[in-house]
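Student: got a predicted model here, sequence first, then my questions.
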Amino acid sequence: MITVSRRLEFDAGHRLMRHESKCAFLHGHRYALEIEASGNLDALGRVIDFSVLKGRLGDWIDTNWDHNCILHHEDTALIALLSQQTKKPFILRSNPTAENMALYILNDICPTLFPDITIESITLYETPNCFTKVCRTP
Ligand SMILES: [Zn+2]
C-alpha cells in the first residue's frame, strides 16, 4: 500500500468539560493535523496531488476551526458568550480532546470532502509532544 500525507496547521481554543486539571480552563493550541490517504497511482504516479488534500481539508479547517473555539455542546456558558461574536464557536457532540477532534475529521468531514479517496488516518498534534492518530476501520 502507498500512502501520502499532508500536514496542515491551525490555531484554535478549547476547554475540556470535567477535566481534572488545567485543561478545564479555556486555552489555545497551535494544532498540526496530518491527513493520510491511500490508493493506486494515477497516470502521473501520484496517489493524489498534495494540493488536493490541502485544498479540500485546509479550506474546511480555515472556515470552521482556525482562529475559533471548539467546544463541547454542554459548554453552554462559553457557547452563549462566544456566540455574540461574528464567528460562532464550533460545537462538537463530544469533549474537544485531540482524539475526538481527529475522529470528527475522519468520520464526519472526510467522507464528504473526499468521496473519491480512501483516507487512512488523521493524526492531530495538540503540542509537538502530544498527539493522537485515528485510523479508518477496514
Ligand atoms: Zn488543550
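Tutor: Good, I have the coordinates. Numbers count the residues shown, from 1 in each chain.
Student: the longest helix in the chain is where?
Tutor: When the chain is parsed with DSSP state H, its longest helix is helix 50-64.
Student: in it, what's buried?
Tutor: Counting neighbours by 16 or more other C-beta atoms under 10 Å, one finds that the buried residues in helix 50-64 are V52, L53, R56, L57, G58, W60, I61. Glycine gets a C-beta too; all of them are placed from N, C-alpha and C.
Student: now, among these, which is nearest to R93?
Tutor: W60 (17.5 Å; C-beta to C-beta).
Student: check the gap between that closest one and G28 for me.
Tutor: 19 Å (C-beta to C-beta, to the nearest Å).
Student: next one: T123
Tutor: 19 Å.
Student: between these two, which one's more packed in?
Tutor: Using other C-beta atoms under 10 Å as the criterion, T123 and G28 rank with T123 on top: 18 against 13.
Student: from the contact counts, what lies against the helix or strand hosting the more buried one?
Tutor: If you go by DSSP states H and E, T123 is part of strand 118-127. If contacts are counted by 3 or more C-beta pairs under 8 Å, 6 or more residues apart in numbering; DSSP states H and E, strand 118-127 sits against strand 27-38, helix 98-104, strand 130-135.
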